[in-house]
Each structure stands twice: as C-alpha cells, then as structure tokens.
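>>> here is a sequence with its predicted model. Questions after.
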Amino acid sequence: MSSSALPAAAAPNEAAPATEVTTSGGRRGRRVTATAASLIGVVPFGLLVTFFLAIPTLVVIIGSFLDADNRFTLANVRGLADDVVLQAYWRSIWISAVTAVVGALLGALVAHAVSTAVEGGVLRRVITAACGVLAQFGGVTLAFAFLATFGFTGFVTVWLQNTFGVDPYGAGGWLTDTPGLLLVYSYFQIPLMVIVFLPALDGLRPQWREATETLGGSTVAYWRHVAGPILLPSFLGGMLLLFANAFSAYATAKALISQGSPIVPLKIDAAISGEVISGQDNIAKAMALGMVVVVAVVLWLYARLQRRTSAWLR
Amino acid sequence: MAAVTGGTRPGSLGRRRRRRQAVQRWVVVAVTGVFFLLPLIAMVEFTTRAPSGSGRTLDVWRTLADVGRLSEQYPDLLDGVTASAGLVVLTVLLMLVLLVPTMIWVRLRLPWLRRPMEFACLLPLTVPAIVLVVGLAPVYAWVAYFLGPSSLTLCFAYTVLVLPYAYRAIDTGLSAIDVRTLSEAARSLGAGWFTVIARVVLPNIRSAVLSASFLSVALVLGEFTVANLLSRTNVQVAINLLGKRDPSISVAVSLTSLVIAFLLLLVLSLAGVRRRSRGPRRRPDQTVLAATPVQEIS
Amino acid sequence: MRSTRTSRRRGVSLAAVAAGLAAVAACSPPSSSSSSTSNSGSGGASAATATSAQDLGGLSALETAANKEGALNVIALPPDWANYGAILDAFKKKYPQIKVTSAQPDASSKDEINAANTLKGQPNAPDVFDLGQAVAASNTAVFAPYKVATWNDIPDNLKDASGTWVNDYGGAMSIGYNAKVVPAPATVADLLKPAYKGKVALNGDPTAAGAAFSGVVMASLGNGGSADDISKGVDFFKQLKAAGNFLPVDPTPATIKAGQTPVVIDWDYLNVAQGKSLAGTNIDWKEVVPQNAVLASYYVQAINKGAPHPAAARLWEEFLYSDQGQNLWLAGGARPVRLEAMTKAGTVDKTALAALPKLTGTPVILTQEQSDKAAAFLKDNWSKSIG
C-alpha cells in the first residue's frame, strides 16, 4: 500500500449513491424493491425516533404557530425578530461556535495524546472514563464549583491575589459574563471531543505512518496527506456536535448568569417557567424552532464544508 | 507489506517518535488535568470546611458514608439509585440494539438516508430539554397508559437524548474502517446480514461503541431535567432532594455521583479491554484492513 | 436516476411528516380519557368535587377517604422554604398511611401548572399547588374550589370568594447579608456603596422569578418609586451593575454558605431560614427589611382540578390552615394568613411571632393590575438594562 492511495480514498461520501446506482436501467424494478426491503431495516429505529423525537419536535413546531387559544398565528415567530431575542441568538451562536472550535482543537489534542498511549493502559482508561463523566457534568453544581475556584472569592482568585498581586477581577466580573461561560463550557466540551474523537484516532494504523516514513515522508507530510484527510471529517463532525451541545446547554448558564437571560435557552426557560409574565409558552416553542433552524443551517454548512475540504485535501 | 510487520518492529525513528509522544502526552495530560481538577478540588475544599471557618472536618462525608442511616432517612435515594441503574442498562441496550445496527445498515444499503439521519440524531440537542418535555408529555401520557408510570419508561426518552453523542462516536468509528469492503468480503463468503453486522463490522468499531456506551452511561447518570419535569425519579432527582437538606451535602453527593460514574466507566472499560484480549485472533482482520485502502470516509 | 432518488426521498420525508402529524393528532384523546379513569377510584369521585369537608361528611370522613387513597403528591415545596420541611414531616407524622411524594422542589410556580398539564391523568400529577399570585390569577381554570374548616378566619381580601384559591402565607422583601463580611445596610441605596462590590445577588431574574420581581419593586419603593412606577427599581439595579456591585449569580444555600453571594435580596422568611441553618458557622446571616421599602406579598394555595388524590389534597389544605399548620409557617418566619385571628384567639405561637423580622413603614401590596403593569415594564426593560 502507498500513502498516496489514502487521500484519494477520502472521497466525499456523497459519491457513494452514484456508484451504487450504476446498475443498468433494466434492473430498476428490483432495485426499488431492494430499497424498500432495505428500509425495513430502519423501522425499529424509525419507530423510536418517530415517537420520542419526531412527535415531540412536531408538537413544539406546531405550537410555535399557535396562540393561547390554539388558533394559527405568526405572532410568536415574528417575536423572534425582537432586538433582545436576536441578540440572544447571536450570543448563543457566538459562544457555541467559539467553544466548539476551542473545545474541538484542545479535545483533539488530548485525544491524540491519549491515543498514543498503550491501548488498554491505565492512563488511557482513566482519561476516557473521566472524559465520559465530565462530558455530561453541568448544571448548578458545576457553576458552584467554578465560582468556588475562579469566582470573586474563589481559591484560585485568592491565590493569584496573594501570590502575584494579580486581581483577575480588576476588569470586572468576567466569570459571570460571556468569558466565564466560555471557560465553563470548555469544561464539558473538551472531554466530549476527546471521547467522540478517540475512535477516529484509533482508526489510524501505526503502519500507515511507518509506510509514509519508509517512502521518505515527513511528519508534516503524514499529517497533511495521510492522517489529516482521514481525520478531518470526524473532526468536523465532532465540532458540529460540540456546537449543538453548547447551543442547547442552559442549566450551568442559568446558575452563573441568572440576570437578563443572555442566551436563547435561558430565554426559553424564562418563557416556559417564568412566573412573572404569563402566556409565553408558545413564544418559547417559537424560540426552540429558531434553534432547530440554526442547527439545520449549521449542519448544511458543515456538509458543504466537508465536501469542499475533501476536495481541497485531495 | 510493511504494514504487517511494521507494528512489531519499530525502527529507531519510531522509537524516537514514541519517546517524543510520551513527553507530549504527559505535558498535555498534566496541563489539562490541572484545569479539570481545580473545580473538583474546590468542591472537596467546600465539603471539608469546618463550620467555624478554619480547619477541616470530614463530618459531611461521615454523614454520607453512613449508608444505612441515609437510606433509612431518605428512602427516595434508594429508589432513585435503583431507577438510574435500570435506566443505564435499558438505555445502553436500546442504543446498541437500535442505533448501531441501523447506522451500519444505512451506510451499507441506504446511503442517501445518512444526512437525514445525522440531522435527526442532532435534533435532541437543538430543542432544549425544557421544551422537549412539553412535546414528550402527550407521548408519555400514552406510555403511562400502556406501561404504567414507572421511572424506567424514561429509557425511551433517554435513548433519544443519547443519540447526538452516540451517533457521533459510532459514525467516527465507522468512518475509520472500510465498512463496504468488509461487508462485501463477508457477504461473498456467504455471511448473512446479521453476521456481517454483529460479527464482522461490530468487532471493528469496538472503541467507538465503547465511547458511545460511555457517553450514554454518563448521560443517564447525570440526567435531571426530563426526569424532574416528568415527575419521575432517578439518582439526580433524589440527590437534588437530598441536597436540599444541607448545601455541603448537596455538593458532596454531586461529587460522589461523579466519582461513582467514573468508577463505573472504568470498570466498563476494563470489560471492553478484557473482551478484546480474549480474542487476539481477531487481529488478522485488522491487518487485512490496514492493507486495503480506506475508501469510505466521511 | 438521481431525480427518482430525490423524489423518493421527498416522498419518504413527506410520509414521515404526515404520519407524525396524524400521530400527534391522535395523541390527545387517551390522556384525557385516562384522567377520568384514574380519578374514579376508591371513593375519590365524590372527593374530587367536594368543596368542603362537610360535603364528605366531616373531617374524619375526609381523613378516611385520604387514607384510602394512601398518597399525596406535592410540588415545588423546598424544605428550606417557609418551613415546608417541618410541615411535610408533621403531616407525614399525623397521617402515616399517606405516602407523600415531593416533586420538583426547585420548580417555579409556572412549572407547577406546567406539571399539572404535562402529567394530566397520570398518577404522579401534582395534587396541590403553592403559587405566586400572578400565576394563580391566570390559571384559575385548573383549580378545584375548596373551603377549609377555618375559612372564616381568612380575611376576605386574601381569598377568592368561591374558594378557588386562598392566600396561605406571606412576607416582605428583605436584604440578607453576611454580617461578618459586609456592614448592615439600612436602606436599599446603601447597597451602592463600595463595601458591597461584587457581592449583591438577586434571587433569580425578575422577568421570570417572583421573588426577584418583588426585589425590583422593593428597590423602586426605596428609591422614590411607587407600586405604580417600578422604573426606579430598574434604574437602581442598572446603577448597581455599573458600580460593579451586582452579582448575576443565582444564589443558592450553597453559594451563601461558601461565601460566594454575601448579600442576597429575597423574601424575609427565606433569609430567616438561611440564618437559622447557618447558626454556629462562621457566617452570620442576618436580614433587614429596608426602611420605607416594605413590599409584602402572599402566596396562594390551590387544589389541582385533576388531582390524582383528591381527598388527600383536601386533607392537606385542612392541615395547612389548621392552627398547627399556620404556626409551622410562622415558625419558619412567614406570616400565615390566619395570623390576626389566631392572635386574637390566643392560639398563635408567641415566640415565633416575636421573632418575625421588624417592618418599618407601611407594607405595600401590589394589586393584580399594578403587578401586570410592572411585569410588562420589566419585560421591555430588564434585559436591556442588565443583560
């Protein structure tokens, strides 16, 4: 095998249907029945998704077009154009994008460090287990832990003040503002990336690297022509997951920044659980619909980017 | 075929690289480790703070360690733990039985379904749980009607919540191997689809399946919102109630649940490793893989 | 080939959407039908419509019916809120046959209504509510009217004439503070001083949480505003933020105990309870109701119309409005609705009464109209000023 064979292999998946369809037209009838038969294979999963995902999502989507008396209205969706709401979307997207990029890069770095360890070794097992847990850690307790660490009276803050005379709060309460959210979100984003990206790194065979070296390729060449193209789709996929993960997170943010609902999930929470202003349930649904749309757009961009980069890497 | 022997006979280049990797590894692990440990240390510090403000005490942990009295005073806690244990098993099972084969199947037979499926699997992350519950409510009215109000029925919703993470992990694993060639080879040797999925593809994405299971276990053990809003119980709901008694205890139990989840995953990873070392003969098919160009990447 | 493929795909997705829609439409009936089946068990049918214990043949008949049901679902009752921990314990002790399930202790008033809708017809739906006035006012349709035995002791302005809802306990907005860390504030404006830098937290977002909403109204009263004009309150928090004193953290007992939120604006009974639980520690938690900014408010009791345990729900109300229940609220620093009548009758817990926080000035209680107006103002201005 040669290293040059590999990048070519990184053809975009979109090509797959085309190759599948190259059978002659006369067999089309059989093909359709074969596809129909194939569809049976996805029925069990489809049922679960229909009942526990599609229906709930549809309830939300339909609800966003209804008023309090269940009559059709566009008022809820129009409410999304409000300045404060748009700002919340913008900030949500920005925070999610930044933590997705930073989390994916750092997560990939850690994952790579872990992947070079002996498979089945203690270090690797401890780190993957820890990442699994931390990836799902959040909420009031995480916010509390960060306040106790980096907060106004947090022990790292106090230590910095006492040891170096540095006051991290000279510029204001950063932890309970956007920078704080970025830091706290990294706490679950990085481990999540580690755990979803590790299988991709495990797929790299050491033999490929040795083959590259045997053929005189440098480390840079290996990453550029061999590992990169193979890992990139998974990397982008991981980044997409991280984006969505940060986009929908709210419990931690709620505990840390309870004022003004600066991000969309907090706005939704306030609309649905708020006890001060009534009749906002369907506005909450409209905001959720907006979130679905944002993620759909990001997914579309991701699909395009993936196609573009695979062409570029070739 | 350097691939076959290369792994076992590292050249001097490889050795130097390996040393460099080891250094890199420990630097990365140490730096990130500090960041990840600091907040946990803060939690430990808080729970061991003596009431007077100076000095340390283990009173909080002693209260927690007294499991007998705790479960007597808080029967809810035991209910929650049992429910969560059942939910972990059911959710991971459902995920493995429904998602994994379907993903392999879609890759092999219905590639045009991949993007829609990827979007569907991201959906649970686009609708915040607080809103999703509104939509789940009518479905759960049916579920309660047929299966009763048991907390274990949450496993359906949890399987859906797990999808974004499990999908990503398994997709990554599938991308790293050549599913099509593997399955065609197996098919040409007379294997049925079940054999292809269960005995040919699955062993090759073990690490991915393990990642997916890890995330599922951790998610189920950490899930609070849906269970709470549907008035079901699980360990987080019980902990939340217990934590109302005393702030130090609430932080201590959260920390404990993290540690327990961590240990559980560690044991799970051991199980994964043991299964592999039992079957070293599987190794050859990976060597075959290494020799064939990877075609299906995305 | 491509085109047939895409059209097939479109066909499939259309079919999926159609099937989904059909399923959604088909989904509603069983929930309502199952609610009627689960309600009609073990003598509950008559209890579900009873508007007083007399309807069922007196308190002992109600107790029998409730014991038969054997369960009670309460919601949004944190044990450290208005002494609910002790109240629940006392109820369990008095009626050991009734298994009390306390769900969602952190839930907002709105969440209680949401739960009643979400869990409609299911055995774990809430039986009774403890709600903020605003939420109660807009959801009377889900309440079952009921008049407790002590109904006549409750002042007329604190109950609905038909018994659909009844006020239960109230308090005044206060400033809780750690006396070891900050000086005692006397007025709201004191909080702008540098001594409170990065230390002042409000219990929630005022556009969502009732307590925080009242906190803004209190700040308005203390800064020259009135019940009709809360803009002064919003301005105050804007200044507080500009001074770097406002901490946007959601305060919890843990953040208070860890010293992260040394000043918390919240109901006086919550700050009193906080002080009690921190007694003997290095945190000296005190509360003050600021001068001439006494904003008082009552919470509301109501029974869920679709309560899965209608008799137990009614028994719980009887318990809450009995002398024992009222004195338990009082012991938690809250002012129970029968306080005046009980003081007159001499059945009040005198030590608990004496321990109530002092109020200087006339308490202001917002009318529904004023409250709606204030809420609308906050909706338009809070995020802009603070976010």
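Great, that's in hand. Numbering: from 1, shown residues only, chains lettered A, B, ... in the order given.
>>> so for residue A:20, what's the pLDDT?
Listed pLDDT for residue A:20 reads 40.
>>> the strand or helix carrying residue C:66 close to chain B?
Per DSSP states H and E, residue C:66 falls inside helix C:59-69. No: if you take C-beta under 8 Å from any C-beta of the partner chain as the test, helix C:59-69 misses chain B, and the best it gets is 15.5 Å. All C-beta atoms are positioned from the backbone trio N, CA, C, and that covers glycine.
>>> tell me how far that helix is from the chain's mean position?
Chain-centre distance of helix C:59-69: 27 Å, with C-alpha atoms, centre = their mean, to the nearest Å.
>>> what of stretch C:81-101?
17 Å.
>>> sort out which residues of that stretch are buried, please.
C:81, C:82, C:83, C:84, C:85, C:87, C:88, C:91, C:95, C:98, C:100, C:101 (16 or more other C-beta atoms under 10 Å in any protein chain shown).
>>> quote the end-to-end distance of that stretch.
Taking C-alpha to C-alpha, to the nearest Å as the measure, stretch C:81-101 stretches 17 Å from start to finish.
>>> what about the chain, any weak spots by pLDDT?
Going with chain A. For chain A, the stretches flagged by pLDDT under 70 are A:1-34, A:119, A:170-172, A:310-314.
>>> the intended chain is chain C.
The model of chain C has pLDDT under 70 over residues C:1-45, C:387.
>>> before we move on, the earlier item: which residues touch the helix holding residue C:66?
C:42-44, C:47, C:50, C:53, C:56, C:72, C:95, C:97-98, C:149, C:309-312, C:314-315, C:318 (C-beta atoms under 8 Å, 6 or more residues apart in numbering or on different chains).
>>> does chain C sit close to stretch B:237-244?
Yes: residues of stretch B:237-244 contacting chain C under C-beta under 8 Å from any C-beta: B:240, B:241, B:244.
>>> circling back: buried members of the contacts of helix C:59-69 into PyMOL, please.
This is how PyMOL selects the buried members of these, with burial counted by 16+ other C-beta under 10 Å:
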select buried, chain C and resi 43+44+47+50+53+56+72+95+98+149+309+310+311+312+314+315+318
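>>> among the contacts of helix C:59-69, which are located in helices?
C:44, C:47, C:310, C:311, C:312, C:314, C:315, C:318 (DSSP state H).
>>> could you dump those into JSON lines with distance to chain B added?
Formatted as JSON lines, the ones in helices among the contacts of helix C:59-69 follow (distance: C-beta to the nearest C-beta, whole Å):
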{"residue": "C:44", "distance to chain B": "17"}
{"residue": "C:47", "distance to chain B": "21"}
{"residue": "C:310", "distance to chain B": "18"}
{"residue": "C:311", "distance to chain B": "20"}
{"residue": "C:312", "distance to chain B": "16"}
{"residue": "C:314", "distance to chain B": "21"}
{"residue": "C:315", "distance to chain B": "21"}
{"residue": "C:318", "distance to chain B": "24"}
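>>> between these, which is nearest residue C:116?
Nearest to residue C:116 among those: residue C:310, at 13.4 Å, using C-beta to C-beta.
>>> where's the closest one relative to residue B:169, distance?
According to C-beta to C-beta, to the nearest Å, residue C:310 stands 48 Å off from residue B:169.
>>> and the next element down the chain from the stretch of helix or strand residue A:35 belongs to?
Element membership for residue A:35 (DSSP H and E) is helix A:28-40. Sequence order places helix A:43-49 as the next helix or strand after helix A:28-40, per DSSP H and E.
>>> list the buried residues of that following helix.
A:45, A:46, A:48, A:49.
>>> now swap in stretch A:90-107 and tell me
Buried-residue list, stretch A:90-107, by 16+ other C-beta under 10 Å: A:91-93, A:95-100, A:102-104, A:106-107.
>>> report whether it contacts chain C.
No: counting by C-beta under 8 Å from any C-beta, no contacts exist between stretch A:90-107 and chain C, the nearest distance being 9.1 Å.
>>> what sits up against that stretch?
The contact list for stretch A:90-107 (C-beta under 8 Å, 6+ apart) reads A:178, A:181-182, A:185-186, A:189-194, A:197, A:235, A:238-240, A:242-244, A:246-247, A:262-265, A:294, B:32.
>>> how about the ones in helices among the contacts of helix C:59-69 in JSON lines, adding distance to residue C:251?
Shown next, in JSON lines, are these (distance: C-beta to C-beta, whole Å):
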{"residue": "C:44", "distance to residue C:251": "41"}
{"residue": "C:47", "distance to residue C:251": "40"}
{"residue": "C:310", "distance to residue C:251": "37"}
{"residue": "C:311", "distance to residue C:251": "38"}
{"residue": "C:312", "distance to residue C:251": "34"}
{"residue": "C:314", "distance to residue C:251": "35"}
{"residue": "C:315", "distance to residue C:251": "35"}
{"residue": "C:318", "distance to residue C:251": "34"}
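>>> of those, which are in range of chain A?
Of the ones in helices among the contacts of helix C:59-69, not one also sits near chain A (C-beta under 8 Å from any C-beta).
>>> which one among those residues gets closest to residue C:260?
Distances from residue C:260 to the ones in helices among the contacts of helix C:59-69, taken by C-beta to C-beta, are shortest for residue C:312, at 39.7 Å.
>>> mind listing what that closest one touches?
C:66, C:69, C:70, C:71, C:72, C:98, C:127.
>>> number of nearby residues for the third one?
Here the count is done by other C-beta atoms under 10 Å in any protein chain shown, and residue C:70 has 13 residues near it.
>>> just checking, it touches residue C:101?
No: Residue C:70 is beyond contact range of residue C:101, at 11.4 Å (criterion: C-beta atoms under 8 Å).
>>> excluding chain neighbours, what is closest to the one residue in the stretch 151-300 of chain A that gets nearest to chain B?
At 2.2 Å from chain B, residue A:203 is the closest residue in the stretch 151-300 of chain A, using C-beta to the nearest C-beta. Among residues not flanking residue A:203 along the chain, residue B:176 sits closest, at 2.2 Å (C-beta to C-beta, 6 or more residues apart in numbering or on different chains).
>>> could you check how far that neighbour is from residue A:303?
20 Å.
>>> the more surrounded of the two?
residue B:176 (26 against 20).
>>> residues from the stretch 101-250 of chain C in reach of chain B?
Close to chain B, as judged by C-beta under 8 Å from any C-beta, the stretch 101-250 of chain C has residues C:102-106, C:111, C:114-115, C:117-126.
>>> what's the burial count for residue 189?
All of this is about chain A. So residue A:189, with other C-beta under 10 Å, has 31 neighbours.
>>> nope, chain C please
Burial of residue C:189 is recorded as 17 neighbouring residues (other C-beta under 10 Å).
>>> show me the contacts for the residue in chain C that chain B sits nearest to.
Proximity of chain C to chain B (C-beta to the nearest C-beta) peaks at residue C:282, 2.9 Å away. Contact analysis of residue C:282 by C-beta under 8 Å, 6+ apart lists B:51, B:52, B:53, B:54, C:180.
>>> lowest-confidence entry in the residues you listed?
residue B:53 (69).
>>> rewinding a little: before we move on, which element is the residue of chain C closest to chain B in?
Per DSSP H and E: nothing holds residue C:282, as it lies in no helix or strand.
>>> how about the residues of the stretch 151-298 of chain B near chain C?
Going by C-beta under 8 Å from any C-beta, the residues of the stretch 151-298 of chain B near chain C are B:228-232, B:240-241, B:244-248, B:250-251.
>>> of all those residues, which comes closest to residue C:168?
Of these, the one sitting nearest to residue C:168 (C-beta to C-beta) turns out to be residue B:244, at 20.1 Å.
>>> where's the closest residue to residue A:72 other than its chain neighbours relative to residue A:53, distance?
What sits nearest to residue A:72 in space, not counting adjacent residues and going by C-beta to C-beta, 6+ apart, is residue A:65, at 5.9 Å. Separation of residue A:65 from residue A:53 (C-beta to C-beta) stands at 20 Å.
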